[in-house]
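>>> Okay, here's the prediction I keep looking at, along with the sequence it came from:
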Amino acid sequence: MIELLRRRNVEMLRRLERLRSAISTCSIPELEPYRKRLCDFCDYITNHVLQNIADLDSGGQLLVEDVLSNTLSAARFTRLLSARLTAPILRARPTDRLTLRILGWLHRQHPKTVKFPAAFTSGETGVLPMASIMPIYSLPAFEQETLLFQPLLFHEFGHLLYQCHAAEMDDLVSDLQQDLDQLLVPPSQRNDQHGEVQAAQRRVIVTRWHTWANEIFCDAVGLVVGGPSFLYAFSEHLSTMGRGDFYRPHQDLCDAEHPVTWLRIHLLASRARRLQWKDAADQVDATWAELAQAMEINEDYHGFYDDRFRLSIDARVDEMLTEAAPRACSQQEAAGDTNSIVGVLNSAWRQFRTNTETYAAWETERVEAILDRAECDL
């Protein structure tokens, strides 16, 4: 067993040396803070592996179980480095600078995220929050290179904020689940098989809202941070123009990690009106209503949502936003009248919707201007 553990640690040491060599240089300045953090993490694991080898070679009293545990822990971290954490460095391209600039700015806007360097990779829009290590975002290839879809990052930032405030957020989500459970209890309850079926369905709905509340909160974070630009980007990105955007069978909803997209649009548009962004809300709502009418779809969430839920959802999400305190888009930024990051993103959507043919040239100039500015001026 001792010799097996020694061989495993020696091989791990070689892998760590290769990984460190692969990330030793980076030509993109916005990735340098992440590269340094990654090197520190690599050194941290390497020191533990070296200690494992020293313990195995000491010849003294040795608890093999302790070295085995330490080896397993180092192996998990090494796999995480290889499979996830090195990707933003190894796949980096010069065009990454726009997204990295926006992520860096975003993390600096909150005291709990300012410590995290900017990093992202290619893939479906998402984030690995990993608040105890380093968050890594992902965006599809096209969305990485345009201002129009950068606001999607603000939803993913919401997942990081949720994890940074996990205990408080989980309590608020639990409060929402209790609210919905009470709303779903029938005025009179039957003590028979039908009553048991109703209770079981109520539990399924309430359980599903644990993950749905997280997504609705992150949608709200995206809107609060990005203003109308987020609403437009979210609507455009998630619309497949298929029936699944508007309706899911009952069994699908039982297992769905996200609410039906049309419901998310409704809730976002309603919140946008509360934030005085009525024009954007009306435009997005009208687009989705037109598609639903063309496909002859009527709203039916099979009891997983109805209008009785709205007040509780809005109130609990408001409390979650108060707890997380994301940086809020100003009315001036929403109008695209400032040179701040959020102002430029809102201006981009205004330009795109009114001057599509000239948008590409306009965007090129704005991106160059962002990259030319010092990060402290973003």
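Happy to help now that I have it. Since this is a predicted model, take the numbers as computed values, not measurements. Numbers count the residues shown, from 1 in each chain.
>>> CA atoms for contacts and neighbours, from now on please.
Fine.
>>> And the helices in the stretch 51-200 of the chain, which stretches?
Ranges of helices within the stretch 51-200 of the chain are 64-80, 87-90, 97-108, 141-144, 152-164, 166-184, 193-226, based on DSSP state H, counting those that start in this stretch.
>>> Give me the distance between stretch 234-252 and the centre of its chain.
In terms of Cα atoms, centre = their mean, to the nearest Å, the centre of stretch 234-252 is found 19 Å from the chain centre.
>>> Endpoints of it, how far apart?
End-to-end span of stretch 234-252 (Cα to Cα, to the nearest Å): 22 Å.
>>> Return the mean pLDDT over it, rounded to an integer.
Regarding stretch 234-252, the rounded mean pLDDT is 94.
>>> Show me the contact partners of that stretch.
149, 151-152, 260-263, 265, 284, 291-292, 295, 297, 299-302 (Cα atoms under 8 Å, 6 or more residues apart in numbering).
>>> about what we covered before: I'd like the helices of the stretch 51-200 of the chain laid out as a markdown table, including mean pLDDT.
A markdown table is the format used below for the helices of the stretch 51-200 of the chain (pLDDT from 0 to 100):
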| stretch | mean pLDDT |
| --- | --- |
| helix 64-80 | 91 |
| helix 87-90 | 94 |
| helix 97-108 | 97 |
| helix 141-144 | 93 |
| helix 152-164 | 97 |
| helix 166-184 | 97 |
| helix 193-226 | 92 |
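>>> any weak-confidence spans in the stretch 251-378 of the chain?
Applying pLDDT under 70 to the stretch 251-378 of the chain flags the ranges 376.
>>> could you show me where the strands are in the stretch 1-150 of the chain, in order?
120-122, 126-128, 136-139 (DSSP state E, counting those that start in this stretch).
>>> want to try JSON lines for these, with mean pLDDT, distance to R366 and mean neighbour count as columns?
JSON lines is the format used below for the strands of the stretch 1-150 of the chain (pLDDT from 0 to 100; distance: least, Cα to Cα, whole Å; neighbours: other Cα atoms under 10 Å):
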{"stretch": "strand 120-122", "mean pLDDT": "95", "distance to R366": "21", "mean neighbour count": "23"}
{"stretch": "strand 126-128", "mean pLDDT": "94", "distance to R366": "25", "mean neighbour count": "18"}
{"stretch": "strand 136-139", "mean pLDDT": "96", "distance to R366": "20", "mean neighbour count": "22"}
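>>> Could you save these as TSV and add columns showing distance to R327?
Below are those laid out as TSV (distance: least, Cα to Cα, whole Å):
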stretch	distance to R327
strand 120-122	21
strand 126-128	19
strand 136-139	19
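>>> Against R84, how distant is Y34?
The gap separating Y34 from R84 is 13 Å, by Cα to Cα.
>>> More neighbours: the two, which one.
Y34 (20 against 13; other Cα atoms under 10 Å).
>>> Excluding covalently adjacent residues, which one is nearest to the more buried one?
Nearest residue to Y34, sequence neighbours excluded (Cα to Cα, 6 or more residues apart in numbering): P117, at 5.1 Å.
>>> contacting residues for that neighbour?
In this structure, P117 makes contact with L31, P33, Y34, R37, G104, H107, M134, judged by Cα under 8 Å, 6+ apart.
>>> Return the residues in contact with the fourth one.
Each residue near R37 by Cα under 8 Å, 6+ apart is listed here: P117.
>>> follow-up on the earlier one: reformat the helices of the stretch 51-200 of the chain as CSV; add mean neighbour count and distance to G336.
Below are the helices of the stretch 51-200 of the chain laid out as CSV (neighbours: other Cα atoms under 10 Å; distance: least, Cα to Cα, whole Å):
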stretch, mean neighbour count, distance to G336
helix 64-80, 15, 40
helix 87-90, 18, 31
helix 97-108, 20, 16
helix 141-144, 15, 20
helix 152-164, 23, 17
helix 166-184, 17, 32
helix 193-226, 20, 11
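>>> Save those as JSON lines, and put in distance to C329 too.
JSON lines is the format used below for these (distance: least, Cα to Cα, whole Å):
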{"stretch": "helix 64-80", "distance to C329": "35"}
{"stretch": "helix 87-90", "distance to C329": "28"}
{"stretch": "helix 97-108", "distance to C329": "12"}
{"stretch": "helix 141-144", "distance to C329": "21"}
{"stretch": "helix 152-164", "distance to C329": "11"}
{"stretch": "helix 166-184", "distance to C329": "22"}
{"stretch": "helix 193-226", "distance to C329": "5"}
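>>> Would you tell me which of those gets closest to L378?
helix 97-108 (6.8 Å; Cα to Cα).
>>> If you count contacts, what does that closest one end up packed against?
Applying 3 or more Cα pairs under 8 Å, 6 or more residues apart in numbering; DSSP states H and E, we find helix 97-108 packed against helix 356-372.
>>> now for the helix it packs on, which elements pack on it?
Short answer (3+ Cα pairs under 8 Å, 6+ apart): helix 356-372 packs on helix 97-108, helix 341-354.
>>> just so I know, which of these lies nearest L13?
Nearest of these to L13, taken as Cα to Cα: helix 97-108 at 30.8 Å.
>>> now the closest one against helix 356-372, angle please.
Per axes from the mean of the first three to the mean of the last three Cα atoms, to 10 degrees, the angle that helix 97-108 makes with helix 356-372 is 60 degrees.
>>> Which residues does helix 97-108 contact?
The contact list for helix 97-108 (Cα under 8 Å, 6+ apart) reads 28, 30-31, 113-120, 144-145, 150, 153, 341, 367, 370-371, 375, 378.
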